[in-house]
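fold the following.
(one chain, ligands or ions: 1)
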Amino acid sequence: MEMAGLPYIVGNWKMNGTRAMLNEARAIDRAAARFPKVQVAVAPPATLIYRTRDAAAIIGVGGQDCHAEESGAFTGDISAQMLKDAGADFTIVGHSERRTLHGESDADVKAKAEAALGAGLGVILCVGETESQRDAGEAETVVGAQLEGSCPRVDGAPEKLSVAYEPVWAIGTGRVPSVEDVAAMHKAIRAKLVALYGEGGADVRILYGGSVKADNAAELLAVPEVGGALVGGASLSAESFLAIVGAAASLDAD
Ligand code: PEP
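Okay, the predicted model is just below:
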């Protein structure tokens with residue numbers, strides 16, 4: 001489902017949730033019907049994708065990662081085709097926890113993004129600098145290089161691509177960059193996407209992620225070139241996630 005102009009609010013549940021979490025998915029889905037001007041999605045753990053799709057009618061459902069190959073001897077991995085078969089509409093790739101804890105390179109992330117597009121999935125590609133990179137004044141260079149190295153260059157790109165700017169130091173920490181820093185980075189990302197894709201790069205949604213909560217969502221979502229949010233911790237309960245969806249909806253009403 002492509003709804004390019006609408007704010008896109010995506011919950012990343014990470015390695016959280018057993019079947020009891022389906023109640024949260026149902027509550028999010030029911031409420032999403034009240035916010036037709038917001039595109040809402042969740043990325044549950046792979047074990048819950050099928051059941052989440054089954055329990056939810058409206059929201060998008062996605063994976064948190066995929067393997068670049070379609071099938072084979074890759075114990076523990078899940079292909080993009082498998083995600084699609086389980087009912088996923090999209091997948092996240094290149095999350096900093098994958099890059100750091102699983103040693104994923106830009107080339108790995110690019111291959112995953114291309115595999116996901118090839119399987120007909122949307123892609124949310126994550127980029128972001130570490131705190132020491134920001135302190136060294138290298139944030140835009142680092143993110144530019146990540147985009148250069150990990151953006152997919154196949155059919156489906158960039159129409160089905162979103163980029164999530166997630167400063168590593170803001171993930172799960174309660175710290176967020178200033179509105180000015182978010183604006184500057186999103187502007188730089190836009191310029192890079194246009195350089196990479198031409199005109200199509202102007203329409204790629206750029207999400208902000210990193211400690212988005214109900215009380216800072218409106219301010220962050222109002223920043224130019226912020227087309228939505230990727231939300232970790234605050235997406236684990238329907239109540240806190242829906243407060244962010246509500247902030248996106250009221251922004252649209254302004
Ligand atoms: C994330 O990991 O994608 C994320 C944004 O996490 P949090 O909202 O918990 O900082």
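
for the stretch 51-200 of the chain, what spans make up the strands?
In the stretch 51-200 of the chain, the strands defined using DSSP state E, counting those that start in this stretch lie at 60-63, 90-93, 122-127, 161-165.

from the stretch 151-254 of the chain, which residue is nearest to the ligand?
Residue nearest to the ligand within the stretch 151-254 of the chain: Gly232 (2.2 Å; Cβ to the nearest ligand atom). (Each C-beta comes from the backbone N, C-alpha and C, glycine too.)

can you count the residues close to that residue?
Neighbour count of Gly232, defined by other Cβ atoms under 10 Å: 20.

same question, Ala86
18.

could you check how far it is from Glu225?
For Ala86, the distance to Glu225 equals 33 Å [Cβ to Cβ, to the nearest Å].

then Gly103?
Using Cβ to Cβ, we find Gly103 at a distance of 30 Å from Glu225.

before we move on, what about Val194?
Distance of Val194 to Glu225, given as Cβ to Cβ: 12 Å.

try Arg190
5 Å.

and if you look at Ala238?
According to Cβ to Cβ, Ala238 stands 28 Å off from Glu225.

the two: who's more crowded?
More crowded of Ala238 and Glu225, by other Cβ under 10 Å: Ala238, with 21 against 18.

just the pLDDT for the more buried one.
Per-residue confidence (pLDDT) for Ala238: 98.

then Met3?
Here, the pLDDT recorded for Met3 equals 55.

kindly report the same for Asp155.
For Asp155, the predicted pLDDT is 88.

and if you look at the one 3 residues further on?
As summarised for this prediction, Pro158 has a pLDDT of 95.

so who does it touch?
Residues near Pro158 by Cβ atoms under 8 Å, 6 or more residues apart in numbering: 151-152, 193, 196-197, 200-201, 203-204.

and the residue in the stretch 1-150 of the chain that the ligand sits nearest to, what is it in contact with?
Relative to the ligand, the nearest point of the stretch 1-150 of the chain is Asn12 (4.3 Å; Cβ to the nearest ligand atom). Asn12 is in contact with 42-43, 64, 92, 95, 209, 230-232, 235, counting by Cβ under 8 Å, 6+ apart.

pLDDT for these - can I get that in a markdown table?
Converted to a markdown table, the contacts of Asn12 look like this (pLDDT from 0 to 100):
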| residue | pLDDT |
| --- | --- |
| Val42 | 98 |
| Ala43 | 98 |
| Gln64 | 98 |
| Ile92 | 99 |
| His95 | 98 |
| Gly209 | 98 |
| Leu230 | 98 |
| Val231 | 98 |
| Gly232 | 98 |
| Ser235 | 98 |
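
which among those residues gets closest to Ala113?
Top of the list for closeness to Ala113, among these and by Cβ to Cβ, is Ile92 at 10.1 Å.

got the residues of the stretch 101-250 of the chain near the ligand?
Within reach of the ligand by Cβ under 6 Å from any ligand atom, the stretch 101-250 of the chain has these residues: 166, 171-172, 209-212, 230-234.

filter those to the buried ones?
Buried members of those, counted by 16 or more other Cβ atoms under 10 Å: 166, 171, 209-212, 230-234.
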